[in-house]
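A.B. asks: Need coordinates for the below:
(2 chains)
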Amino acid sequence: MIVCVAVVGRQNNPLYLQSFTEADDALKLHHIVHCSLDVIEERVNNPKKSGPTLNETFLGLLYPTENYKVYGYLTNSKVKFILVTTDLDVRDVDVRSFFRRFHSAYVDAVSNPFHVPGKKITSKAFASRVTTLVKSFGSTAPA
Amino acid sequence: MEPDVSIETGSMIRIAVIPVGGSIPHQWLREYVSMLSRHTRIDLSSISSFYSEHQKSPFTHQPWESGSLLFKYMVGGAPPSPWEDFQAHRKILAVIGLCHCPASPDLDLVIDQFASVSKGYGSALAKRLFAFSPSDEQLREGREKENSIILFPSADQQAQELQMLTMIQDVAATLLMEFEKWVLRAESTGTILKTPLDSQSNLSSEEVIKAKKRRLARAQKTIGDYCLLAGSPVDANAHFVTAIELARLTGDIFWHAGALEGSVCALLVGRMDERDSLLEEEVKYRYYSVIQLYKRSYLQDNAQRVSTATFELEAQLKLARYLCRRHLVKEVVELLMNASDGAKSLIDPSDCLILYVEIARLFGALGYQRKAAFFSRQVAQLYLKQDNVSAAISAMQVLSMTSKAYHVERRGTNRKQHGSPHEIESCTAESGKNYPQSIISLFESQWSTLQMVVLREILMSSVRAGDPLAAWSAAARLLRSFYPLITPAGQSGLASSLANSADRLRSGTRCADPVLPFIRLHSFRMHPSQMEIIKRNPAKNDWWTDSAPSGPFIYTPFSKGGTTDSNKLELNWIVGEPDQVLVELANPCAFELSVESIYLSIHSGNFDAFPVRVNLPPNTAKVVLLSGIPTKIGPVSIPGCIVHCFGVITEHLFRDVDDLLLGAAQGLVLSDPFRCCGSVKLKNVVVPNITVISPLPLLVSYAVGGDGAMILYEGEIRDIRIRLTNAGTVPIEQAHISLSGRNQNSVTSIAHESLNSALPLKPGAEVSFIVTIKAWKLSLADSGHDPGKNTSGATRGVSTESSNPFLVIHYAGPISHTDEFYSSEPSVSPGRRLVVPLHVGVVQGLRFVKARLFSMEIPARVSVAVPQRVSLNESDAEEITAHSRIDSLVKIDPYRGSWELRLLELELSNPTDVVFDVNVSVQFDTAEFGCPKTRIDHNCSARVLVPLEHFKLPVLDNSLFAKGLKSTAFVSKSSSFAERNTKAELAASISNLVSKIKVRWQSGRNSSGELNIKDAVQAALQTSVMDILLPDPLTFGFRLTNGRSKTENIADASKSVHSDVIQALHQSSISVHEMTDIEVLIRNNTRELIQMSLSINCRDVAGDNCIEGDNATVLWAGILSGISLEIPPLEELVHPFSLYFLVPGEYTLLAAAVIDDENDVLRARARTDSADEPIFCRGSPFRIIVTGTL
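C.D. replies: Numbers count the residues shown, from 1 in each chain, chains lettered A, B, ... in the order given. Below is the predicted model:
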């Protein structure tokens, strides 16, 4: 189950952060997302290791923490998508496809002429689309 | 758990360092400890002199050349660990006492104390007591007790250090020998080694052999530990290998792990310098098995009492620290995350604390700032759970370390690190757009949820720790950055915690973090018009002309701060003259903010700023004027303001707020504090280059009798006395007055000479001069004439400020070479301009409504005398007294004839509240005299009549008339040039005429003026000016001749006429049925002979001709019609006739003539073009009253 998805801007500024748990752990999730930036930054700054996968947007498992797994995705415009899940065995393929769909949702939201780049995403359409994505992630894994 | 563990920890000898005797002052203790702790690695080669081999050393492979002992000083000592037997390095193997001699005079006492304290360290193999800075006496005394106390005489630093080194080497040698002893003993006799795990374990159980083997394994492991401590890894490794074998056999997992761990340590110590991937792999492999073994040794049944989890975690941390390098990041992160997961199984909260500290440190070392911050926060939370001050201080310090990662750090402390080149590089590399560095920090400041939590925790911990400044700063940061996210109650809470913290601070404390009022630069006050600086052009006489600003107005009150030209804005401030800057303060919070003082912060030190106190109600912004006086010549830059608010002094930089606003514009910052206070967006404020220049003269103007606006009625003339004072410190050598603004021509005179004569004007000197002003006429725009709206009398017709004229005074001091350094270009001290507005409020005064010209024909009575004729000839004019002339201007004597009296009627109305006296005066060639005053009450109107008869010229002159002739005769021919010329001539003659009429008014005691009616009069006169100016060619008069000589001289008659008026009245009564002799006088007013045919007519009241016709009531004798006459130029002819009236009543006599040989002049006068048309000349009517016979 996905507990949290986040969009983090080019300057590591949060653009969108939505948790999908009932529990009052928003702060914790904020921390997890914030901390995951370390890993992303590290991967971005050391591209040497990921030589063959230079153009790969999917960053894979960033790090496991407590009960969560954190996955990352980096767009060409250096916008980061972060996914926090409680599932212990997640297939990379699922996450990858989730991110791809999430990316297109993000692109649509940002293409809104009323959206100011760099500002937080407040679009309701985006939020509802993300919610459906997140729900479908648990049930129909092979998309 | 222990802090700061690493794989090499196993080879460190722990030495407790204990202060004894009297309390040692901090700085001394610190110095002693630092002297000690320099010696952590003691080379074996250096201790050989202290080492004596009593028996054969068990450390057969001791590397005497390259090896060393490692010391770890535990200042303050440490409690014995229950795991001492398991890992020898956990023992305190030596105790060193530190004594500060001046604090403890009795050395014996110190020795006793040390002995008792060191007794607590049972495992200590060496004990030393070091005493520093002893007195001479103590030195002597101490020499006797050399074994128990070592004195360090306070010699020079070097000697002391040398002695310390020697002593440490001695300790090392002692320890080494003790280790040998211990190992030998252990090898021979064997020892029972236990851990808390074993205490209730199954010794009682079956296999004794296994137990024996297990004991052997443990002994081997311990010997290995000692070998490690003794700096002999090879020996250690041998023992560990045995121990591992035995432990594996006996299934003593825990000790197996310990031995394995020891073997890794031995491996590393033995190959201290080389580090290759092979070794790394080996270490990694072995350590993972160590971790596994520790995990396996975790027994559920005694987990409550004692847990091996700490060993597992320590092993993980050790490995992580060993591997902590960039390219192994993934493994390290995994290890650390596992370790942090293991925190849950820890029982002791302090273990947990240590674990988190270590994890945070390792993450920090990896460059994972955010993770490090996260764990630091965990540490702080653990500290905060402990309820004591020092824990709170620790929490505060840990949190303030994290503040950087969360971008909420304190100003000043971290600023330099913040702007490190590395960061800039990464930022520019990542972003295509180049943001200013300061903006970039705003991006990450969006993790407001986290930031607020961190700041709140810092605030809480610093309150608990009793650090008011830290608390203040945290509260300040919280409030300033996150006020939109804090409820009003929370804001007030923060405000009160700021106030509480400030109460505990000394007054005048400074803090780098600004709090509330957000301050931005609003504008720079340009010099007010009174002190404008003008560049002086020394080559020119009127030096100000080059630099005068272009445009129609030199000064307009609507110009905004003068920031029109933003590119090259230069501002000159003058030493000793106050200058002002406008800043805008905003308080977006829900409480009232009281700024105790705010003033400009200027680092260049040549400006004295004046503090201001401001109160900002909730959610408001205010523009505040900050001022100060420049004290020295040089450039000035204003980075911000110093604010004393909430009891602490802070510097608010304009740049920060600018960045904030820029961020707000880009949506990076929560909100714009100024906008949410309702303040409008400012245009980009241009910060000018400000230079302070040397003193200049300064003129101050003062209108005598009050600077306030004078209220003048339209046309009023008033003197304004203006006093100028040189308020500067430099004399004024040049001054020039000019006029500008609107209604300049209303200033009629300026007394230039009185100003010029006062030059040079010394500092403090005064000069006054008079400016005469004639209030201008209100235009429609001025009066704001809108009858629908503006009906109130008070505002009606007062001219606005903008219509005032200005006196512009350019003045300058001596041309001086202020700066000797730039000798190549002699600098000219600039001049200044003073603009003195002449505050005149013009109100509507007497109102001229219209002018009308009308003529009156009042028939004269035929009497003995011919009516007097003014200006008949020059001699006559002189003889007639002025008095009679005045009379004749207005009074109409019914018995005196009139030649078509022409009157100019001026209709005047008085819309004001005061009474006006109007005085019309007419200027003649020689004298000027007026009519009696006409009084016009308020809200009334009146008509003033101005008789125009006296303007008539005596002679219808050809030369003079040529103008008139042209103007009229050639209208149809339209010879345009000539026409225009004549029109101009005509206009000139009219205006000459008009200018002779002056309408003056007076109101009250001291306001008087002149009504400007020229145009109106001119318009009124335009059509009939000829009739007014020019006399008729012929004039006619009638005279009774009965009882008088017929040849009576007209001149005589005119002389006597005045006295004879009354008499004539009686004499000239005519009665019916009586022959009345009448003469008609015809005068030729031209310079030419006139031939004409005269006819005389008599009409009755009804206007019927009563001489001819059926009902003729008058009989006559003599010729009455068709009389041919010839009159020489300027002569008179008399034609006598007699009338006989049949009916009493009133009759009118009329004389008329048809001129026969008309010339051009006459034709022009008669305004006729055709030569055929006869010119008809008609005289004024004369009345005859015929009385009945009584």
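A.B. asks: Given the helix or strand of chain A with the lowest mean pLDDT, what are its sheet partners and their directions?
C.D. replies: Taking mean pLDDT, DSSP states H and E as the measure, the helix or strand of chain A with the lowest value is strand A:58-65, at a mean of 73. Based on DSSP bridges, the strands next to strand A:58-65 in the sheet, each with its direction, are strand A:68-74 (antiparallel).
A.B. asks: Not counting the helix or strand following the strand it pairs with itself, show me its contacts.
C.D. replies: Downstream of strand A:68-74, the first helix or strand assigned by DSSP states H and E is strand A:80-85. For strand A:80-85, the external contacting residues (Cβ atoms under 8 Å, 6 or more residues apart in numbering or on different chains) are A:1-9, A:12, A:29, A:32-33, A:36-37, A:40, A:62, A:68-75, A:95, A:98-99, A:102-103, A:106. C-beta: built from backbone N, CA, C; applies to glycine.
A.B. asks: rerun that using 6 Å as the cut-off
C.D. replies: Here strand A:80-85 makes contact (Cβ atoms under 6 Å, 6 or more residues apart in numbering or on different chains) with A:2-8, A:32-33, A:36, A:40, A:68-74, A:99, A:102.
A.B. asks: Next: stretch B:270-283.
C.D. replies: Contacts with stretch B:270-283, where a contact means Cβ under 6 Å, 6+ apart, come from B:233, B:264.
A.B. asks: Likewise for stretch B:1119-1133?
C.D. replies: With contact meaning Cβ under 6 Å, 6+ apart, stretch B:1119-1133 is reached by B:1081-1084, B:1087-1096.
A.B. asks: Please name the nearest non-neighbouring residue to B:S104.
C.D. replies: With sequence-adjacent residues excluded and distances taken as Cβ to Cβ, 6 or more residues apart in numbering or on different chains, B:S104 is closest to B:G21, at 3.0 Å.
A.B. asks: how close does that neighbour get to B:L129?
C.D. replies: To B:L129, B:G21 is 9 Å away according to Cβ to Cβ, to the nearest Å.
A.B. asks: cool, and A:I2?
C.D. replies: 65 Å.
A.B. asks: Between the two, which is the more surrounded one?
C.D. replies: Just comparing A:I2 and B:L129: by other Cβ atoms under 10 Å in any protein chain shown the higher neighbour count belongs to B:L129, 26 against 23.
A.B. asks: SS state for that one?
C.D. replies: Taken by DSSP: H, G, I helix; E, B strand; the rest coil, the conformation at B:L129 corresponds to strand.
A.B. asks: Tell me which residues touch it, please.
C.D. replies: By Cβ under 6 Å, 6+ apart, the contact set of B:L129 is B:97, B:114, B:149.
A.B. asks: Could you check the pLDDT of the residue lying closest to B:S135 once chain neighbours are set aside?
C.D. replies: Using Cβ to Cβ, 6+ apart and skipping residues adjacent in sequence, the residue nearest B:S135 is B:C101, 6.4 Å away. We have a pLDDT of 81 for B:C101.
A.B. asks: what's the neighbour count on residue 136?
C.D. replies: No chain was given, so I picked chain A. One way to gauge burial is a neighbour count; for A:S136, by other Cβ under 10 Å, it gives 13.
A.B. asks: oops, I was thinking of chain B
C.D. replies: One way to gauge burial is a neighbour count; for B:D136, by other Cβ under 10 Å, it gives 8.
A.B. asks: what do you get for the one 10 residues further on?
C.D. replies: Close neighbours of B:E146, defined as other Cβ under 10 Å, add up to 9.
A.B. asks: Any buried residues in stretch B:909-923, and which?
C.D. replies: B:909-912, B:916-920, B:922 (16 or more other Cβ atoms under 10 Å in any protein chain shown).
A.B. asks: Could you give the separation of that stretch from the chain centroid?
C.D. replies: With Cα atoms, centre = their mean, to the nearest Å as the basis, stretch B:909-923 stands 51 Å off its chain's centre.
A.B. asks: Touching it from outside, list them.
C.D. replies: Residues lying outside stretch B:909-923 but in contact with it, judged by Cβ under 6 Å, 6+ apart, are B:844, B:846-847, B:849, B:928, B:930-931, B:933-938, B:940-941, B:944, B:946, B:996-1003.
A.B. asks: And the buried ones among those residues, selectable in PyMOL?
C.D. replies: Entered in PyMOL, the line below selects the buried ones among the contacts of stretch B:909-923, by 16+ other Cβ under 10 Å:
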select buried, chain B and resi 844+846+847+930+931+934+936+944+946+996+997+998+999+1000+1001+1002+1003
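A.B. asks: Spell out which parts of chain A neighbour chain B.
C.D. replies: Selection of chain A residues close to chain B by Cβ under 6 Å from any Cβ of the partner chain yields A:10-14, A:30-31, A:34-35, A:37-38, A:63-65, A:116, A:118-119.
A.B. asks: Which residues outside stretch B:578-592 are in contact with it?
C.D. replies: Outside stretch B:578-592, the residues within contact range by Cβ under 6 Å, 6+ apart are B:483, B:488, B:491-492, B:495, B:517-525, B:573, B:593, B:616-618, B:620-627, B:629, B:673-674, B:676-677.
A.B. asks: Identify each buried residue in that stretch, please.
C.D. replies: Across stretch B:578-592, burial judged by 16+ other Cβ under 10 Å covers B:579-591.
A.B. asks: which pair in the residues you listed spans the largest distance?
C.D. replies: Pairwise distances across the buried residues of stretch B:578-592 peak at 35.3 Å for B:D579 and B:A590 (criterion: Cβ to Cβ).
A.B. asks: Widest-spaced pair of the contacts of stretch B:1119-1133?
C.D. replies: Maximum pairwise distance in the contacts of stretch B:1119-1133, criterion Cβ to Cβ, is 25.9 Å, between B:R1087 and B:I1096.
A.B. asks: between the two, which one's more packed in?
C.D. replies: Under the criterion of other Cβ under 10 Å, the comparison of B:R1087 against B:I1096 puts B:I1096 first, with 24 against 14.
A.B. asks: Let me see the contact set for the more buried one.
C.D. replies: The contact partners of B:I1096, by Cβ under 6 Å, 6+ apart, come to B:1120, B:1151.
A.B. asks: hang on, it in a helix?
C.D. replies: No: remark: B:I1096 does not belong to a helix; assigned using three-state DSSP, it is strand.
A.B. asks: Give the bridge partners for it, please.
C.D. replies: B:A1151.
A.B. asks: Do you know the pLDDT at it?
C.D. replies: Reported pLDDT for B:I1096: 83.
A.B. asks: For chain A, see how far away it is.
C.D. replies: Plainly put, B:I1096 is 104 Å away from chain A if you go by Cβ to the nearest Cβ, to the nearest Å.
A.B. asks: Please apply the same query to B:A586.
C.D. replies: From B:A586 across to chain A, the span is 22 Å (Cβ to the nearest Cβ).
A.B. asks: do B:V946 as well
C.D. replies: As it turns out, when the distance is counted by Cβ to the nearest Cβ, B:V946 lies 78 Å from chain A.
A.B. asks: Tell me which of the contacts of stretch B:909-923 fall in strands.
C.D. replies: B:847, B:849, B:928, B:930, B:934-936, B:940-941, B:944, B:946, B:997-1003 (DSSP state E).
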